[in-house]
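Trainee: Turn this into a structure:
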Amino acid sequence: MSAMRIWPILLLLAASGGALAQPVPPADVGSGGSQQPPPRHEGFLEMLFGPSLIHPFQGGIFAPPPEPPPPVKPPQPSEPPLNLADILPKDPNAKKILVVGDFEADGIAWGLDQTYASEPKIAIVDDANTNSGLVRDDVYDWNAELPKLLNQEKPDIVVVALGANDRQNMKIGNTRAPPHTDPWEQAYTQRIKSLADTLKVYGRPFFWAGAPPMRQSASSRDMTYLNGFFDSAVSEAGGTFVDIWNGFTDDNGAYISSGPDVDGQLRALRAGDGINFTRAGRLKLAFYVSREIKRQTGLGAGTVDLLASTGQASQIEIGPDGKKRLVGPVISLTNPTAVGGQLAGGPTTAVTKESDAPGYVMVVKGESLPVVHGRADDFTWPPGDASTAAAPAATPATPPAAK
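Mentor: Predicted coordinates:
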C-alpha cells in the first residue's frame, strides 16, 4: 500500500485516538458528598460539523421545547363569617314550637332558635333524637313517645322531620322486609299515619319537613321515595308538608354541597359526609319551615297573632277502643272556685253564692237563664217586644181582708 493512501487513515486514527486516550480525572468529591461528572470532550466529527448535527436531540435547534409549568389555581375566596344571634330570654307565656324527629329535626330546631332569637314571645323546644326514625321502633318509638311529649310540653306548634335514617330493613313479625317491598311500605305508611293522627287529635298546627337530598344518588332516590309517603299522609291529617328539596339541589334537581344561604351568600350547606348540614344549611332548613309557619298561622309575622292559646289542661289519651282522644279539662259543677263567670250580655249582678251561678242554674237546677233582649237566644214573640222579655212573672191579686 502506498504512503499516499495510508496517511489519511493514520491521521484519522490519531485524531480520534487522541480524544479517547485523554485521561479521565478522578471523581471530585466535594464537601457536600456529590460526585461531579467528568468533563465532556468533543470528537473529530463534532469539531467538523458541530454538536447540533451529531446529537440533534441533546439540545440544539431540534431539541423539544421545555414543558410549561403547571397551572397555578387562583385562590378560592373564603366564605364571609356567619353571624349568629344571641337568643333573648323568653317570656313565660311564649308560644312554644316543639321540634321532633331525627338529625334533620335537630338542625331545624337550632335554625329556628336563631330565626326567632329576638322574639321573646316564641320559644323553641328541641326534642329531636338524631339517630331515630320510623323503621327502628326498637331504638326509639315515636308513636309511643310523641303523646307523652305533647302532654308534657303543651306546644302551640309541632314540627316533624323524619325519614333520613329509614333506608333499612324493617322487622315485621319474625321477618325483615327491605324497602320498596309491599310489606315494608304498608307498615311504614301505617306508622306515618299513626303519628299524623296523634297530631291531628292534639289539634294544633303541625308541619312535616321533607327528607333532604343526599350526595349518593341511590340515597337521594330513596329520600324522594319516602317524601311521597309523608306528603299524602300529612295532608290527609290536616298538616302541612314542607318541601325543602329545591333548596339543596341545582336546577336539574341534583345534590349540591354549596349554594346560596338565606341571605344569598354562597356557602357550604352540607357537611363533608354528604348527609349532615352545616350551620348555614341548618338556617336554610329553618327558613323553609318558618316561612310555612308564618303563612299558616301568622306566628312571627309581626302583625296579628292568628294562633289561639293552647289549653294547658288538655291531655291526649288512648281510650279502650284504641283511639286517641283529647280530653279535659274537667270542670266541676260544685267547685266554688269556678263560680264568678258571666255570660256575654247577661246580668251584671254579682254572684254571691254557688246556687246562683249560671252553670249551676242551668245544669243542676235545670232552669233557663233570664232572657236578654236582642241577643241571639232571644225567642220572645213578637220579635223586639222588650216588654215581653222583661215582664216579671204575674203576681196573683191579694183578696181584701175580711172585716
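
Trainee: Show me what the top strand by length along the chain is packed up against.
Mentor: Of all segments of type strand in the chain, defined using DSSP state E, the longest is strand 95-101. Contact analysis of strand 95-101 by 3 or more CB pairs under 8 Å, 6 or more residues apart in numbering; DSSP states H and E lists helix 103-115, strand 122-126, helix 142-153, strand 157-161 as its packing neighbours. For the C-beta atoms, the positions are set from N, CA and C on the backbone; glycine is no exception.

Trainee: mind putting the ones you listed in TSV, distance to residue 83, mean neighbour count and mean pLDDT included?
Mentor: Output for the helices and strands packed on strand 95-101, formatted as TSV (distance: least, CB to CB, whole Å; neighbours: other CB atoms under 10 Å; pLDDT from 0 to 100):
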stretch	distance to residue 83	mean neighbour count	mean pLDDT
helix 103-115	10	24	97
strand 122-126	19	21	96
helix 142-153	30	16	96
strand 157-161	24	27	97
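
Trainee: mind putting these in a markdown table, distance to residue 299 included?
Mentor: Listed next are these as a markdown table, based on distance: least, CB to CB, whole Å:
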| stretch | distance to residue 299 |
| --- | --- |
| helix 103-115 | 11 |
| strand 122-126 | 7 |
| helix 142-153 | 16 |
| strand 157-161 | 7 |
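
Trainee: phi, psi of residue 201?
Mentor: With angles defined as degrees, to the nearest 10, residue 201 sits at phi -70, psi -40.

Trainee: Quickly find the element holding the nearest residue to residue 120 once chain neighbours are set aside.
Mentor: Excluding the flanking residues, the one nearest residue 120 by CB to CB, 6 or more residues apart in numbering is residue 91, at 4.8 Å. Taking DSSP states H and E as the definition, one finds residue 91 inside no helix or strand.

Trainee: And this structure, what are its domain boundaries?
Mentor: Here the domain parsing of the chain from automatic domain parsing is 95-318, 331-366.

Trainee: Highest average neighbour count across those domains: which stretch is it?
Mentor: domain 95-318 (a mean of 18; mean count of other CB atoms under 10 Å).

Trainee: Name the residues that touch stretch 78-91?
Mentor: Under the criterion CB atoms under 8 Å, 6 or more residues apart in numbering, residues 113-114, 117-123, 265-268, 279-280 lie in contact with stretch 78-91.

Trainee: Which one of those is nearest to residue 367?
Mentor: Proximity of the contacts of stretch 78-91 to residue 367 (CB to CB) peaks at residue 121, which lies at 43.4 Å.

Trainee: Please determine how far that closest one is located from residue 158.
Mentor: For residue 121, the distance to residue 158 equals 18 Å [CB to CB, to the nearest Å].

Trainee: While we're on residue 376, how confident is the model there?
Mentor: pLDDT for residue 376: 71.

Trainee: what about it, which helix or strand?
Mentor: Using DSSP H and E, residue 376 falls outside every helix and strand.

Trainee: Now do the same for residue 291: helix, strand or coil?
Mentor: Here residue 291 is recorded as helix under DSSP: H, G, I helix; E, B strand; the rest coil.

Trainee: To residue 376, which of the domains of the chain lies closest?
Mentor: Comparing those by CB to CB, domain 331-366 comes nearest, at 9.4 Å.

Trainee: Output the domains of the chain in JSON lines; the columns should cover distance to residue 68.
Mentor: Formatted as JSON lines, these follow (distance: least, CB to CB, whole Å):
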{"stretch": "domain 95-318", "distance to residue 68": "31"}
{"stretch": "domain 331-366", "distance to residue 68": "88"}
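
Trainee: Just give me the lowest mean pLDDT stretch among the ones you listed.
Mentor: Minimum mean pLDDT among the domains of the chain: domain 331-366, a mean of 55.

Trainee: Strand partners (parallel or antiparallel) of the longest strand of the chain?
Mentor: strand 122-126 (parallel), strand 157-161 (parallel) (DSSP bridges).

Trainee: Tell me which helix or strand residue 272 sits in.
Mentor: Assigned by DSSP H and E, residue 272 falls within no helix or strand.

Trainee: circling back: distance check, the residue nearest to residue 120 against residue 150.
Mentor: Distance, residue 91 to residue 150, by CB to CB: 21 Å.

Trainee: got it, and residue 168?
Mentor: Noted for residue 168: a distance of 27 Å to residue 150, by CB to CB.

Trainee: which one of the strands paired with strand 95-101 lies closest to residue 67?
Mentor: That would be strand 157-161 among these, by CB to CB, at 54.0 Å.

Trainee: what does the closest one contact?
Mentor: 95-102, 104-105, 108-109, 112, 128, 150, 195, 199, 202, 204-209, 211, 289, 293, 297, 299, 307.

Trainee: now the angle between helix 142-153 and it, please.
Mentor: For strand 157-161 against helix 142-153, the angle by axes from the mean of the first three to the mean of the last three CA atoms, to 10 degrees is 150 degrees.

Trainee: quick one: strand 157-161 to helix 103-115, angle?
Mentor: Our comparison of strand 157-161 with helix 103-115, counting by the same axes, to 10 degrees, yields an angle of 140 degrees.

Trainee: Outside of the helix or strand just after strand 157-161 itself, list whatever touches it.
Mentor: Per DSSP H and E, strand 157-161 leads on to strand 170-172 as the next helix or strand towards the C-terminus. When contacts are defined by CB under 8 Å, 6+ apart, strand 170-172 is touched by residues 135, 138, 176-177, 179, 183-184, 187-188.

Trainee: residue boundaries of the strands in the stretch 151-300 of the chain?
Mentor: Ranges of strands in the stretch 151-300 of the chain, per DSSP state E, counting those that start in this stretch, are 157-161, 170-172, 175-177, 206-209, 240-242, 258-260, 266-268.

Trainee: quick one: which of those is nearest residue 219?
Mentor: strand 157-161 (16.1 Å).

Trainee: For the spatially closest residue to residue 159 that is not a sequence neighbour, name its beta-bridge partners.
Mentor: Of all residues not flanking residue 159 in the chain, residue 99 sits nearest, at 4.6 Å (CB to CB, 6+ apart). Legend: beta-bridge partners of residue 99 under DSSP bridges are residue 126, residue 159.

Trainee: Need the contact partners of stretch 248-262.
Mentor: In contact with stretch 248-262 (CB under 8 Å, 6+ apart) are residues 212-215, 220, 245-247, 266-270, 274, 280-281, 283-284, 287.
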